[in-house]
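Peer 1: Below: sequence and its predicted model.
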Amino acid sequence: MSKSVIWITGASSGIGEAAAKKFSKEGYRVILSARKENELSRVQGECASPEDCRILPLDLVAIDTFEEKVKTALGFFGQVDVMLHNGGISQRSLIKETSLEVDRKLMEVNFFGTVALTKALLPHFLKKKSGQFAVVTSLVGKFGTPFRSSYSASKHALHGFFETLRAEHFKENIAVTMICPGFIRTQVSVNALTGDGSVLGEMDQAQAHGMSPERCAEDIYDAITRKKLEVYIGGKEKYYVLVKRLFPDLFAKLLTKAKVR
Ligand SMILES: NC(=O)c1ccc[n+]([C@@H]2O[C@H](COP(=O)([O-])OP(=O)(O)OC[C@H]3O[C@@H](n4cnc5c(N)ncnc54)[C@H](O)[C@@H]3O)[C@@H](O)[C@H]2O)c1
């Protein structure tokens with residue numbers, strides 16, 4: 001039986017890099033995408049089976065390149081079985097100090113980039129009557145917190161889109177796994193945009209003390225291989241989803257006191 005193929009965006013660092021290494025270790029063939037070719041080559045070289053990995057540089061805002069990227073991806077191994085949508089950027093700024101350009105940028109990268117790549121790959125999944133979209137959103141894809149207005153909105157939007165896709169294509173054997181991490185020790189806050197579009201360049205304390213990307217990748221592997229519908233990954237913060245569901249008034253009050261920056 002041929003090895004399964006997973007295509008991972010945002011594979012040049014953090015969660016995506018750790019996931020690429022985990023899936024390679026588990027015997028998957030891996031297609032690594034992000035913007036920086038040299039970083040993708042480094043990750044490929046550090047995977048368990050570099051010969052079963054391919055790099056495919058891709059910018060999530062360059063949606064007009066996606067048809068070609070899908071053709072190239074399918075040319076590598078003849079198929080894609082799992083698309084792990086992981087690439088994205090975060091934000092650290094109050095709504096009142098955030099320009100609309102920054103709001104749009106968050107949506108372009110996190111939402112429209114992911115949606116466009118999905119639409120380009122979907123015909124392949126429909127043709128073979130199988131495939132899985134695994135989507136890294138966030139706990140703030142389930143609730144909003146201060147300093148992350150458009151980041152949170154972009155991740156919420158992904159839940160709406162992919163829950164719909166799951167329902168529309170259930171009969172064609174297309175699975176959707178929504179992955180909602182909490183605080184993971186990566187450069188996500190360092191790379192986050194501020195209100196004027198500049199890069200924050202600082203490590204948040206929550207991320208600095210968060211779960212390791214390797215542990216997160218273990219949980220992602222488990223969620224994907226078991227075809228779970230939705231998972232929450234992280235420390236105590238993942239229970240906020242439950243608190244919101246069971247005690248919405250209390251949760252809204254707690255959020256007004258949140259010290260998240
Ligand atoms: N680290 C956390 O605490 C945390 C929590 C919840 C969700 N997430 C999500 O996890 C995913 C991975 O983030 P991370 O924590 O590993 O941070 P990271 O900054 O290390 O990784 C982000 C990845 O996305 C890629 N990327 C960014 N903009 C891109 C673009 N325009 N085109 C192509 N690739 C692009 C980067 O090159 C990088 O590979 C993101 O979607 C992020 O929102 C992270």
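Peer 2: Received the coordinates, thanks.

Peer 1: Pull the contacting residues for Y221.
Peer 2: By Cβ atoms under 8 Å, 6 or more residues apart in numbering, the contact set of Y221 is A19, K22, F23, E26. Yep, even glycine has a C-beta here, placed from its N, CA and C like the rest.

Peer 1: give me that answer again for 6 Å
Peer 2: By Cβ atoms under 6 Å, 6 or more residues apart in numbering, the residues touching Y221 are K22.

Peer 1: Remind me which helix or strand it belongs to.
Peer 2: Secondary structure from DSSP states H and E places Y221 in helix 213-225.

Peer 1: need the next SSE after that helix, C-terminal direction.
Peer 2: strand 230-233.

Peer 1: how about that next one, does it reach the ligand?
Peer 2: No - residues of strand 230-233 contacting the ligand under Cβ under 6 Å from any ligand atom: none, with a closest distance of 8.4 Å.

Peer 1: Then stretch 141-148?
Peer 2: No - interface with the ligand: stretch 141-148 contributes nothing (Cβ under 6 Å from any ligand atom), its closest point being 8.0 Å away.

Peer 1: Apart from its chain neighbours, what residue comes closest to the residue in the chain that the ligand sits nearest to?
Peer 2: Closest residue of the chain to the ligand, Cβ to the nearest ligand atom: G14 (2.2 Å). Counting by Cβ to Cβ, 6 or more residues apart in numbering, G14 lies nearest to T186, which is 3.3 Å off, once chain neighbours are set aside.

Peer 1: okay, now the one you found: neighbour count?
Peer 2: Neighbourhood size, T186 [other Cβ atoms under 10 Å]: 24.

Peer 1: what about it, which helix or strand?
Peer 2: T186 is part of no helix or strand, with elements assigned from DSSP H and E.

Peer 1: ok, so what distance separates it from Y221?
Peer 2: 17 Å (Cβ to Cβ, to the nearest Å).

Peer 1: circling back to that earlier point, I'd guessed the residue nearest to G14 sits against G16; true?
Peer 2: No - look at T186 against G16 with Cβ atoms under 6 Å: they stay out of range, at 9.1 Å.

Peer 1: Overlap in contacts, those two.
Peer 2: By Cβ under 6 Å, 6+ apart, T186 and G16 have no common neighbours.

Peer 1: Pull out the buried residues from stretch 36-45.
Peer 2: Neighbour counts over stretch 36-45 (16 or more other Cβ atoms under 10 Å) mark E39, L40, S41, V43, Q44 as buried.

Peer 1: hang on, the second one in a helix?
Peer 2: Yes - secondary structure assignment (DSSP: H, G, I helix; E, B strand; the rest coil) places L40 inside a helix.

Peer 1: burial of S149, as a residue count?
Peer 2: When neighbours are counted by other Cβ under 10 Å, S149 comes out with 20.

Peer 1: What of K127?
Peer 2: 10.

Peer 1: what mean pLDDT would you report for the helix or strand it falls within?
Peer 2: Element membership for K127, per DSSP H and E: helix 113-128. For helix 113-128, mean pLDDT rounds to 98.

Peer 1: now it, how far from the centre of its chain.
Peer 2: 16 Å (Cα atoms, centre = their mean, to the nearest Å).

Peer 1: Name every sheet partner of the next helix or strand after that helix and say whether each one runs parallel or antiparallel.
Peer 2: Downstream of helix 113-128, the first helix or strand assigned by DSSP H and E is strand 131-136. According to DSSP bridges, strand 131-136 forms sheet pairs with strand 82-85 (parallel), strand 174-181 (parallel).
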